[in-house]
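In: A structural model of the following input is requested.
(2 chains)
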2 protein chains.
Amino acid sequence: MSLIVQKYGGTSVGSPDRIDRVADRIAETSGDGHDVVVVVSAMGKTTDDLIDLAETIHPDPPKREMDMLLTAGERISMALCAMAVEKRGVGAVSFTGSQAGILTDASHGSARIVEITGTRVKEALAEGRVVIIGGMQGVDPLKKEVTTLGRGGSDATAVAVAAALGADACEIYTDVDGVYTADPRIVPDARKIDEISFAEMLEMAAAGAGVLMSRAVEFGRRFNIPIHVRSSFHDRTGTWVKENTMEQAVISGVAHDRSEAKVTVRSVPDHPGVAAAVFEPLAEAGINLDMIVQNIARDGSTDISFTAPISSIDKAETIAKATAEALGAEGVSVERGVGKVSLVGAGMKSHPGVAAKVFSTLSDEGINIEMISTSTIRISCVVDATRLDDAVKALHAAFELGEAAEEVVTA
Amino acid sequence: MSLIVQKYGGTSVGSPDRIDRVADRIAETSGDGHDVVVVVSAMGKTTDDLIDLAETIHPDPPKREMDMLLTAGERISMALCAMAVEKRGVGAVSFTGSQAGILTDASHGSARIVEITGTRVKEALAEGRVVIIGGMQGVDPLKKEVTTLGRGGSDATAVAVAAALGADACEIYTDVDGVYTADPRIVPDARKIDEISFAEMLEMAAAGAGVLMSRAVEFGRRFNIPIHVRSSFHDRTGTWVKENTMEQAVISGVAHDRSEAKVTVRSVPDHPGVAAAVFEPLAEAGINLDMIVQNIARDGSTDISFTAPISSIDKAETIAKATAEALGAEGVSVERGVGKVSLVGAGMKSHPGVAAKVFSTLSDEGINIEMISTSTIRISCVVDATRLDDAVKALHAAFELGEAAEEVVTA
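Out: Numbering: from 1, shown residues only, chains lettered A, B, ... in the order given. Just a heads-up that it's a prediction; the model follows:
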């Protein structure tokens, strides 16, 4: 007998019918003799609807009350799921994050999990019951305040719970079949990846692959919990994210991201400390920077560029302008119409020439590269947003990631 | 400075606009220098919608999960109300029943308040903040399970909180102007009652006047908390429910109730213990009996009739049939089409002849009385449901309770 943690996203529990299907699967897993812990998101668009309601009432709602509000969403879906499982003759009990002992820090809206006690979860499992936990939520044990983990929080809850309970696997049920070599809406011959390492998945997630959030993958890697990303609409195997993968592809996939904008501080006097002077106030303001590029100095001055989420770009611009003035820089420009394309693969470490091939591929397509950033297993380029899809398609084809390309190889 | 508890029902917080109006009133009360504690129901039809959702999924949803589900409703409205108050520059914080220290027994769906600690409520008030509490909900401190109080629970929360905090008054905001001498939908000249005693209000509530539930009135009476039932749509005074009222009308009002049915156990052998034999199994099944009438024995046998909520009448019939068989009674009949009309007034104690006038009034209208039950300040008659409105109108007119009648008196 093993312990399985299953996570169902908002689409999977979006209606009574879908909850019934989820309950069938849970009851089946339980019937197979496994202990089952389930983590659920709020139904369908509930969270978005609640955010809209709040913003109708307050343009900048207090975060503490926002957490109180949003946690109602998972409360509804977890109770309904428990009822649906009970109806199938399988004992079930729902727990809030607080009841499940998911202890977090006090950062409302973006709390970090500090510890999972799981006392009541273990008791209920020992009694032979399925446990349904509301995702994304926890409690700050000092102030006894309800918190939420922010974007991707339910995935993080699931993997963290799996780690705390020593689960054998964590299944993330979603509305797609798994992790793809590229977004199939852009690249029709994109291929589902059967296995991918934690490190590659982390890079894919950070580069914009939305199917699984970085935080969840980080938990998986840290506690070595295999994650199975799969569809809640059928039984086929999805993508396994794990420590050591059987297949060792040179390139795993192409990810893209349209959620960022680019800020450039132009002609900053080039002397030690200017980068710190630019980025410290941004960090203090809590702005999440992604790529940072500093050009070679010309005539004693340099350009410093960075990307950040569009949602915080106005704040970033204001701060950068103040810094630019203080440093005697020429000015600040903001470019909203940018996109980022990333090639990810653990094999590129041992295959020189991948970066060169990326650049020549984009060049052949007439796509201008505005910024470059690399890790040992990822190459990212910022390009004009209007050419982003072309860039994804070109790289996917050039590195033969599609199903058609694979057939050619095996033929 | 005084402490005011305000309770807003589902209609009063049914939309963002209405929540804004509620917040205006709260901010105004706070601005007048009062400490304010607010109890809110779920928005509009949220509770009904959640019940429907649950019943789609499970024909008889587990009560523990039902409480988990339904408490999401107040969680949403309390957070939104706190945001709306904050927007007006007044500090506010929302608390669940559990956070507010509303301790109950373990009866999911019909829990009773055992104690209100209110620690966090007092702390927040001391910090100068308005406290918004989710109505109807509490926590069983032994099992740490969320509970709900059942019908009328939010009113009970409000008055109990007012009692626990030693509030100066408890204002119940609703979508009607106060307590009326009769339902204005049936009796157009029904008059708003300015003051009514706890005892009379209890009888009115028990007799079907839906504006305020018995449980809330009981708390008010026990802890002597004046309750002001008023409209959330304007500032006019509503009805004060209090210990000693200035006006001492002979008759306060006419209440009616369509929610019950009548069961008769026919020709029960009349010997000591038969009533106990009939009613003990019903009590054990948790059926709430209202009126009980036993006719005079004829030929060594008697008829025993009772009324109970329609929702439990099938169960009551099954139990009564088993008892009837065991006792050798002739049989059991059930009448669903009945209504109850009640005349309530503290003054009737000292005015003989009220009962006689009730019976003659109904008789003059050709309305047959099927059952009678009285207390010192109430007379109730069960009549055919099709004649219930006529009975209410006739009694309201006969006892001159309407505005027109009052004008005649003062003219």
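
In: residues from chain A in reach of chain B?
Out: Within chain A, the positions adjacent to chain B are A:16, A:19-20, A:50, A:53-54, A:56-59, A:61-62, A:64-66, A:68-69, A:71-73, A:75-76, A:78-80, A:82-84, A:86-87, A:92-94, A:99, A:120, A:144 by CB under 8 Å from any CB of the partner chain. From N, CA and C alone the C-beta is placed, and that goes for glycine too.

In: Just confirm A:Ala324 is within a helix.
Out: Yes - with DSSP: H, G, I helix; E, B strand; the rest coil as the criterion, A:Ala324 is part of a helix.

In: Could you state which residue of chain A sits nearest its centroid?
Out: Geometric centre of chain A, nearest residue: A:Met213, 1.9 Å, by CA atoms, centre = their mean.

In: how about the helices in the stretch 301-411 of chain A?
Out: A:313-327, A:354-364, A:388-398, A:403-410 (DSSP state H, counting those that start in this stretch).

In: Now tabulate those helices in a markdown table and tack on mean pLDDT.
Out: Shown next, in a markdown table, are the helices of the stretch 301-411 of chain A (pLDDT from 0 to 100):
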| stretch | mean pLDDT |
| --- | --- |
| helix A:313-327 | 93 |
| helix A:354-364 | 91 |
| helix A:388-398 | 96 |
| helix A:403-410 | 45 |
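
In: Pick the most buried one from the ones you listed.
Out: Looking across the helices of the stretch 301-411 of chain A with neighbours counted as mean count of other CB atoms under 10 Å in any protein chain shown, the highest average goes to helix A:388-398: a mean of 21.

In: From the contact counts, what lies against that one?
Out: Here helix A:388-398 touches strand A:253-257, strand A:338-344, helix A:354-364, going by 3 or more CB pairs under 8 Å, 6 or more residues apart in numbering or on different chains; DSSP states H and E.

In: Please tell me how far stretch A:213-232 is from the chain's geometric centre.
Out: Chain-centre distance of stretch A:213-232: 10 Å, with CA atoms, centre = their mean, to the nearest Å.

In: Okay, buried residues for it please.
Out: A:213-221, A:225-232 (16 or more other CB atoms under 10 Å in any protein chain shown).

In: tell me the contacts of the closest residue to the residue nearest to the centre of chain A other than its chain neighbours?
Out: Excluding its sequence neighbours, the residue lying closest to A:Met213 (CB to CB, 6 or more residues apart in numbering or on different chains) is A:Gly152, at 2.6 Å. Residues in contact with A:Gly152 (CB atoms under 8 Å, 6 or more residues apart in numbering or on different chains) are A:212-216.

In: Moving along the chain from the helix or strand hosting A:Met66, name the first helix or strand you hit.
Out: For A:Met66, the element it lies in under DSSP states H and E is helix A:63-87. Using DSSP H and E, the next helix or strand after helix A:63-87 towards the C-terminus is strand A:92-95.

In: got the contact list for that next one?
Out: Here strand A:92-95 has contacts from A:26, A:78-79, A:81-83, A:85-86, A:120-121, A:124, A:129-134, B:64-65, B:68, using CB under 8 Å, 6+ apart.

In: in its sheet, what does that strand sit against?
Out: strand A:130-134 (parallel) (DSSP bridges).

In: now the angle from the strand it pairs with to helix A:63-87?
Out: 160 degrees (axes from the mean of the first three to the mean of the last three CA atoms, to 10 degrees).

In: how about the residue of chain A most remote from its centre, phi and psi?
Out: Distance from the centre of chain A peaks at A:Asp299, with 41.6 Å (CA atoms, centre = their mean). Note on A:Asp299: backbone dihedrals following degrees, to the nearest 10 are phi 50, psi 40.

In: now swap in A:Ala285 and tell me
Out: The phi/psi pair for A:Ala285 (degrees, to the nearest 10) is phi -80, psi 0.

In: give me the number of residues near it?
Out: Residues near A:Ala285, counting by other CB atoms under 10 Å in any protein chain shown, number 12.

In: Isn't it up against A:Lys315?
Out: Yes - counting by CB atoms under 8 Å, A:Ala285 touches A:Lys315, with 6.0 Å between them.

In: residues touching the residue of the stretch 301-411 of chain A found nearest chain B, list them.
Out: Nearest to chain B in the stretch 301-411 of chain A, going by CB to the nearest CB, is A:Ser311, at a distance of 19.9 Å. A:Ser311 makes contact with no residue, according to CB under 8 Å, 6+ apart.
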